[in-house]
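Peer 1: predicted model follows, preceded by the sequence.
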Amino acid sequence: MVDVNSDVQETLSRLKLRRKYVCVIIEENEVLRGMLKKVRNEIAYGKIDDETLKELIKQRGQKIDKKKEIKPLKGLDFEESNLKPFFRLHPPRGGIKSKEHFPKGVLGNHKGKINDLIRRML
C-alpha cells in the first residue's frame with residue numbers, strides 16, 4: 001500500500017482487498033465494474049469458473065461463525081452459507097511473470113486465465 005493514491009486505497013478497502021494475495025468473489029454490476037476500473041492497475045481480476053470456485057471454497061473457505069456448519073453456496077450470498085467473502089491465498093507457485101506484463105507483474109483483466117493463477121495460489 002506504499003505509494004498508492006488514497007482513492008485507490010479506499011476502493012481496495014471497500015472491495016475487502018486489504019493485503020497481498022487475497023481473493024474476493026464479487027457479483028458483476030455497474031458499481032463494482034467502476035470500482036474495478038479504478039483499481040485495475042493494482043490488482044489481477046477476471047471471471048472465475050464454477051470448478052475453481054468449488055476448489056477455492058473447499059481449500060480456503062473460512063467460517064464466519066465457528067459453531068455453525070457451512071451451507072451450500074447459492075449465488076454469491078456468502079453470509080447465508082456461513083463463509084467469509086474473501087480467501088487468503090499463497091504466493092503463486094512458479095512465481096509471477098513480471099517481465100511478461102510490464103510494469104507490475106500479472107495485473108489487470110485476465111478474463112478466463114485468472115482460474116490458472118488462482119489454482120497456482122491454492
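Peer 2: Received, thanks.
Peer 1: how about residues contacting the helix or strand of the chain with the lowest mean pLDDT?
Peer 2: Across the helices and strands of the chain, the lowest-confidence element by mean pLDDT, DSSP states H and E is strand 108-111, at a mean of 84. Around strand 108-111, the neighbours that count as contacts under C-beta atoms under 8 Å, 6 or more residues apart in numbering are R40, N41, A44, Y45, G46, K47, H101, L117. Any C-beta I mention is one placed from the backbone N, CA and C, and that applies to glycine too.
Peer 1: partner strands of it and their direction?
Peer 2: Within its sheet, strand 108-111 is paired with strand 44-46 (parallel), according to DSSP bridges.
Peer 1: what's the first helix or strand after the strand it pairs with?
Peer 2: Next helix or strand after strand 44-46 toward the C-terminus (DSSP states H and E): helix 50-60.
Peer 1: now for that next one, which elements pack on it?
Peer 2: Identification of packing neighbours for helix 50-60 by 3 or more C-beta pairs under 8 Å, 6 or more residues apart in numbering; DSSP states H and E yields strand 86-88, helix 114-121.
Peer 1: how about a cut-off of 10 Å?
Peer 2: strand 22-24, strand 86-88, helix 114-121 (3 or more C-beta pairs under 10 Å, 6 or more residues apart in numbering; DSSP states H and E).
Peer 1: for R18, pull up the helix or strand it's in.
Peer 2: For R18, there is no enclosing helix or strand under DSSP H and E.
Peer 1: residues near it, how many?
Peer 2: A count of neighbours around R18, defined by other C-beta atoms under 10 Å, yields 12.
Peer 1: cross-check the contact I'm expecting between it and Q9.
Peer 2: Yes. Between R18 and Q9 there is a contact at 9.4 Å, judged by C-beta atoms under 10 Å.
Peer 1: now do the contacts for E55.
Peer 2: D49, N115, I118, R119, L122 (C-beta atoms under 10 Å, 6 or more residues apart in numbering).
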